[in-house]
Structure formats: structure tokens, C-alpha cells
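Undergrad: I'll drop the sequence and a predicted model, then ask my questions.
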Amino acid sequence: MTEPSQHDADVGGAHPLLVLASASARRIDLLRQIGLEPDLIRPADIDETPRRNELPRLYAQRMADEKAAAVTSTLSEAALVIAADTVVALGRRILPKAEDRDTARHCLELLSGRRHTVLTSVVVAPTPAWNKGRHGRRLVETTVTFARLSPSQIEALLDAGDWAGKAGGYALQGHAAGHIRFVSGSASAVIGLPLFETGQLLRGQPGGWLA
């Protein structure tokens, strides 16, 4: 746990904790990139099944909201919770998180030679014990285009293994980067946390969390 002196906000003589509602190593690394170390890592245990006919944008927002709510409800301490959800969409279609090789292959075959959208919703939510905190949310949309992938290239990406658990079956910071022709928008949002928008939400908190 980091020393509370990293925060300037004062809550009855104690500093609110910074809590990340995710065990994602990439989100932890992204926070560290802007000089933040979560005091607690508290993954949200929620049902992530899309609703029938749910649009990608609404799904990303709902997931981030539900993750934040699930974690804030478990904390009695004064804290600010950061939650995020990343969705890869082909039009109105939500691509799954790849938990097995066949799912990852299917996603890559769909994305090959095509432009798609990555939607990342980030939420900052204070716990009830920190009544000075402000609830905020941002949705970031990024366009990504893959080059056309040959069957052997897809198999090589699958062999690399960094697709596991990734929305759409690829990681922008992984081996797939060598096949991505175009990115328009926030690269950090595609990786899992839009740093500019997260920073803006934190700067808007009482006491200032970032310079």
C-alpha cells in the first residue's frame, strides 16, 4: 500500500484511498504511467453478459457503472474508486473477450482487413464515507483498422498468447500491433484506460489528485 501523502485531499484528517476496480495488469501499469499507485486493487464481481440487443456504447457504460457500484458498496472507508470497461465493436456487434483460442481466432478473422471501434468507459466514484468526492464518467471512442491477415498470421498471433482475456481477441500493446494499420483516438483507451480522460476526472476531485 502506498503512503497516503500522495494525495492532497483531506477527509477528517485522513486521506481517501485510491481503489482500482480491476485486477488488470495493463490498467495498473497505465495508472503508474501517470504517477498513480492504487492503494487497493478490488476487482468487481459482476455479470458481464450483454443484454439482448444492447448496443456497444450502452453496454460499455453500464459495465463501468456496475463495476464502480459493486466496489463502492463493499468499502466502508473514504475512497475514490476507478472502474473501466473496454468493448470492441463491429458496427452494432459486441465482440467477446477471448477466453479460448477458438474465440480469439474467430475475432481475428472478423477483424481482418476491417475497421472497428473500441469503446472504453471510465468511471470515478466516491464511497459514501467520502462525501466531498465527485462522481464522474467519460466514454472514449477509438477507431482501429487491421491489415488483412493471412491464416498463418492469425495462427502466429494465437501462438503468441497475448489475446487471452482481451476484448476482440487482441492486445494493441502486444503482437497484434504489427498488423494494425491505423488508430484514431486514444491508444491508452484501447489498452484499457483512457489516461487523458481519467486524469481529467481525477483533477476534478476536491484537493486535486493530479497536477
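TA: Arrived safely, thanks for sending. Everything quoted here is computed from the prediction, not taken from an experiment. Numbers count the residues shown, from 1 in each chain.
Undergrad: Can you list the residue ranges for helices in the protein?
TA: Secondary structure of the chain, counting by DSSP state H: helices at 25-33, 56-72, 101-111, 151-160, 187-191, 195-203.
Undergrad: So which of those is the most surrounded?
TA: Among the helices of the chain, helix 187-191 has the highest mean neighbour count (mean count of other Cβ atoms under 10 Å), at a mean of 23. Backbone N, C-alpha and C define where each C-beta goes, glycine included.
Undergrad: chain center to it: distance?
TA: For helix 187-191, the separation from the chain centroid amounts to 8 Å (computed by Cα atoms, centre = their mean, to the nearest Å).
Undergrad: Stretch 195-207 now?
TA: 16 Å.
Undergrad: okay, it in PDB with CA atoms only?
TA: This file holds the C-alpha atoms of stretch 195-207, laid out as PDB (Å, rounded to 0.1, in the frame of the first residue of the first chain):
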ATOM      1  CA  LEU A 195      -5.400   8.300 -19.500                       C
ATOM      2  CA  PHE A 196      -6.300  11.800 -20.500                       C
ATOM      3  CA  GLU A 197      -9.900  11.400 -19.500                       C
ATOM      4  CA  THR A 198      -9.000   9.600 -16.300                       C
ATOM      5  CA  GLY A 199      -6.600  12.400 -15.400                       C
ATOM      6  CA  GLN A 200      -9.300  15.000 -16.000                       C
ATOM      7  CA  LEU A 201     -11.800  13.100 -13.800                       C
ATOM      8  CA  LEU A 202      -9.100  12.900 -11.000                       C
ATOM      9  CA  ARG A 203      -8.200  16.600 -11.400                       C
ATOM     10  CA  GLY A 204     -11.800  17.500 -10.800                       C
ATOM     11  CA  GLN A 205     -11.800  15.900  -7.300                       C
ATOM     12  CA  PRO A 206     -11.500  18.000  -4.200                       C
ATOM     13  CA  GLY A 207      -7.900  18.600  -3.200                       C
END
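Undergrad: Now do the nearest residue to Val183 once chain neighbours are set aside: how many residues are near it, please.
TA: Of all residues not flanking Val183 in the chain, Val144 sits nearest, at 5.4 Å (Cβ to Cβ, 6 or more residues apart in numbering). If you count neighbours by other Cβ atoms under 10 Å, Val144 ends up with 23.
Undergrad: in this structure, which spans are strands?
TA: Ranges of strands in the chain, per DSSP state E, are 17-20, 40-41, 79-90, 93-94, 115-126, 136-146, 180-184.
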